[in-house]
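In: I would like the atomic coordinates for the input below:
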Amino acid sequence: MIVVFLGPPGSGKGTQAKKLSQELGIAHISTGDLLRDAVKRGTDLGKRAKEYMERGELVPDSLIVSLIEEVMPKDGGFILDGFPRTVPQALALENMLEGYGKHVSKVILFEVPEEVVVDRLSGRLTCSSCGAVYHVKYNPPKQEGVCDLCGSKLVQREDDKEEVVRRRFRVYKEQTEPLVEFYKGKNKLISLDATQSVEEINKKILEVLKDGG
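Out: Model prediction:
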């Protein structure tokens, strides 16, 4: 089973992908995590990607496709979280999968309004050391600005600042929404209301996947 999660930043794709990966025993491939790791390690790809990410723009297709080709499992199913984000990336994915005799089973569209995304992301804080994630409103640390787990400083990522979040949402609408029509045309798209609780969304995704693919 190969599942694509499609939706704007802050729609909950990562949270659901982690849960499903554990529940179904399949890999979770997050382009956001892979890119941030490349930036942190200072790789050539990371250096090239960093300037796009900090402006809230999509990293060029060629860089993302190269990244996915490096990590795509040759065997077993997986969840793609954050890829593809454009139609050219979707076409590249099809070519990659065909080489292994595979295909995309389902595409889950996480639908959520811009203001909800801004509220979720602009209030997010990340531990500078262990990477634990908090939220000033929904999941605050016990001590302001300090990680509960390791005591390190909490910071706001550059791409979580409100003006960048709004730019990221606009970029998503302009460049990623054509994928909705692309996958609708292939009868693979399932839309979900991503403003529901984590448990409710998880339940609905599992129901969708049980229908086969």
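
In: look up phi and psi at I190.
Out: Reported as degrees, to the nearest 10, the phi and psi values for I190 are phi -120, psi 120.

In: the spatially closest residue to it that is not a sequence neighbour: what's it in contact with?
Out: Of all residues not flanking I190 in the chain, V208 sits nearest, at 5.0 Å (CB to CB, 6 or more residues apart in numbering). All C-beta atoms are positioned from the backbone trio N, CA, C, and that covers glycine. Residues near V208 by CB atoms under 8 Å, 6 or more residues apart in numbering: K106, I108, I190.

In: how far away is V208 from K13?
Out: 14 Å (CB to CB, to the nearest Å).

In: what of L93?
Out: 16 Å.

In: then R167?
Out: Counting by CB to CB - R167 and K13 are separated by 19 Å.

In: so between these two, which is more surrounded?
Out: K13 (23 against 15; other CB atoms under 10 Å).

In: quick check: that one vs I201, distance?
Out: 10 Å.

In: joint contacts of these two?
Out: Any residue near both K13 and I201 by CB under 8 Å, 6+ apart counts here, and that gives F110.

In: related to what we said a few turns ago, dump the helix or strand encompassing the residue nearest to I190 to PDB, keeping only the CA atoms.
Out: Using DSSP states H and E, V208 maps to helix 198-210. Provided in PDB are the C-alpha atoms of helix 198-210 (Å, rounded to 0.1, in the frame of the first residue of the first chain):
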ATOM      1  CA  VAL A 198      -6.700  13.500  15.700                       C
ATOM      2  CA  GLU A 199      -8.600  10.400  16.700                       C
ATOM      3  CA  GLU A 200     -11.500  11.100  14.400                       C
ATOM      4  CA  ILE A 201      -9.300  11.700  11.400                       C
ATOM      5  CA  ASN A 202      -7.200   8.600  12.100                       C
ATOM      6  CA  LYS A 203     -10.400   6.500  12.300                       C
ATOM      7  CA  LYS A 204     -11.700   7.800   8.900                       C
ATOM      8  CA  ILE A 205      -8.300   7.300   7.200                       C
ATOM      9  CA  LEU A 206      -8.200   3.700   8.400                       C
ATOM     10  CA  GLU A 207     -11.800   3.200   7.100                       C
ATOM     11  CA  VAL A 208     -10.700   4.600   3.700                       C
ATOM     12  CA  LEU A 209      -7.700   2.400   3.500                       C
ATOM     13  CA  LYS A 210      -9.600  -0.700   4.400                       C
END
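
In: same question for that helix, mean pLDDT?
Out: Per-residue pLDDT over helix 198-210 has a mean of 93.

In: P73: what secondary structure?
Out: Following DSSP: H, G, I helix; E, B strand; the rest coil, P73 is assigned to coil.

In: once you drop chain neighbours, what's closest to it?
Out: A27 (5.3 Å).

In: surely that neighbour meets F78?
Out: Yes: proximity of A27 to F78 meets the contact threshold set by CB atoms under 8 Å, at 3.9 Å.

In: of these two, who's got more company?
Out: Neighbours per residue (other CB under 10 Å) separate A27 from F78, with F78 holding more: 21 against 17.

In: beta partners of the more buried one?
Out: Note on F78: beta-bridge partners by DSSP bridges are I2, A27.

In: list the residues that contact it.
Out: If you count contacts by CB under 8 Å, 6+ apart, F78 has them with I2, V3, I26, A27, H28, I29, M72.
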